[in-house]
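# Got a predicted structure here, sequence first:
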Amino acid sequence: MKRTRNLGIFPAIFWLFLGTAPQAVADVSPGDVIDKTNWEKAEGLVPESLLEWIRNGEFLLPVGQLDFDPLEYWPSFVVASRQANAGKYDLNEDDVIVESGTSQLARHIVGTPFPEVDPADPKAATKIIYNKHYASFNTGNKRFTTVSTWIDRSKLQREITILFLEAYLTGTPWAREVRNPRDIERYNLISVRSPYDLAGTSIMLWRYLSERPDMNYAYVPAIRRVRRMTPANRSDGMMGSDMATDDAAGYDGKVPAFEWSLVGQAEALASYGFRKPMAVSRTEKGEWVFKPDEPIRLAFQDENATVAAWCPLNPVYVKRPVWVIEAKAEDPYYNYGTQYIWIDRETWTPVCKVIHDRSDKFWKFLIITHVGLETEDGKEKGVLALDHLMVDTRRDHATYMRQLNPVCDFTFFAEVDLNDFSLAGFQKYCK
């Protein structure tokens, strides 16, 4: 039986767990640039680890205001689910989503499973992390490339191009049409395209709706074999970077594999790539496609920048309401100790994450940049969590997973061949 703790929403407890003393939250205004000269303005709006970077002159936050309301920037079926799914689902003793009042597995959820979360609910944190997962599912199958940029304190070290394929068998109305005898929640495939020495390195995931553990496969060119991975491997650095596979979208692992606790509620500065929503086009197949015109610039690309080389220079940071939840792995071989994930209370998208090691000493920090999206006719909308910045403070090193870049392609509500996620299909992506 799973244990889920609720730490309440009291400010003193909240700040205790975040490593700061209880204090009044500072305030910011659009147009502010928070840096080492006025870092106090960000107190209470960012985790202490990020505040320390700002205080030391390693980071800056350009504060702005969005020209759209993220709460309404979701596909129409997601907006409708806020009423339709109220009270419809619950969690069983294994933290698996079931139909309310029954023990039947919830096989076809459309939209957000828990649109109303009561902070007093002992399983509030678990429901929040499920909502975060479904926020990704709700924009459908995906096919995209990303550039993993490795950076030390002063310069670029390496760039790796990676292809992602994701297929969700729940979350959208169209998922109901897919035959799913294995009760799969999602398939995921990651394959390195360049440089040559890493090309073909690939990872595949089968995740189940039930408590059944993930099936993870990996192909390593050096041994020319596909091998099974344990779930703990998902906390290893991906392709030698600072990012683990489970770090995607704040946490990309299986929900019942962790003990979840609600630490509190707060306001936070969340990173958005642009003040305005990006235009997306729909293909004849119904796919949504966009390609950023303007990349997020990092400090190593600006010779006049005085902050750390990995600091993004042109996102806009906006004040957003967040949940803060604590995560502890059940697996004793998982690399991470306690993690704190900040999740937007209105959109269920991840804002940032603070990672401790197994001895509960601070280790890494993750910032996630979002964008708003809108179809050309204005009828459908969405919010995506895209660029990821992970800083490993012990290595004094960072990895920036870049998608807001003209060299990257992004397709969601994509047409994906499920045969690609078979063992035979997987091998097509291996070197």
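Great, that's in hand.

# Work out the gap between stretch 246-264 and the centre of the chain.
10 Å (CA atoms, centre = their mean, to the nearest Å).

# Stretch 143-157 too?
Centroid displacement of stretch 143-157 relative to its chain, using CA atoms, centre = their mean, is 17 Å.

# With stretch 73-80 instead?
The answer for stretch 73-80 is 19 Å, by CA atoms, centre = their mean.

# Stretch 197-205 now?
Relative to the centre of its chain, stretch 197-205 is centred 21 Å away, using CA atoms, centre = their mean.

# Can you list the low-confidence ranges for the stretch 151-300 of the chain?
Within the stretch 151-300 of the chain, no range satisfies pLDDT under 70.

# which stretches of it form strands?
156-168, 184-194, 202-208, 215-220, 225-229, 258-272, 278-282, 288-290 (DSSP state E, counting those that start in this stretch).

# Against which helices or strands is the second one packed?
In this structure, strand 184-194 packs against strand 156-168, strand 202-208, with contacts taken as 3 or more CB pairs under 8 Å, 6 or more residues apart in numbering; DSSP states H and E. No exception for glycine: its C-beta is placed from N, CA and C like everyone else's.

# Show me what the last one is packed against.
In this structure, strand 202-208 makes packing contacts with strand 184-194, strand 215-220, judged by 3+ CB pairs under 8 Å, 6+ apart.

# Pull out the buried positions in the longest one.
Within strand 184-194, the residues that qualify as buried by neighbour count (16 or more other CB atoms under 10 Å) are 184, 185, 186, 187, 188, 189, 190, 191, 192.

# re the thing from before, will you turn the helices and strands packed on strand 202-208 into a markdown table that also has distance to residue 96?
Below are those laid out as a markdown table (distance: least, CB to CB, whole Å):
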| stretch | distance to residue 96 |
| --- | --- |
| strand 184-194 | 10 |
| strand 215-220 | 17 |
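
# Quick one: closest of those to residue 350.
In terms of CB to CB, the element of the helices and strands packed on strand 202-208 nearest to residue 350 is strand 184-194, at 16.7 Å.

# circling back to that earlier point, output the strands of the stretch 151-300 of the chain in a markdown table; the columns should cover distance to residue 307.
Below are the strands of the stretch 151-300 of the chain laid out as a markdown table (distance: least, CB to CB, whole Å):
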| stretch | distance to residue 307 |
| --- | --- |
| strand 156-168 | 15 |
| strand 184-194 | 29 |
| strand 202-208 | 33 |
| strand 215-220 | 36 |
| strand 225-229 | 37 |
| strand 258-272 | 15 |
| strand 278-282 | 26 |
| strand 288-290 | 29 |
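
# one step back: check the helices and strands packed on strand 184-194 for me and report the most buried one.
Stretch with highest mean neighbour count among the helices and strands packed on strand 184-194: strand 202-208 (a mean of 21; mean count of other CB atoms under 10 Å).

# any weak-confidence spans in the stretch 301-431 of the chain?
In the stretch 301-431 of the chain, no residues with pLDDT under 70.

# Fine by me, we can end here.
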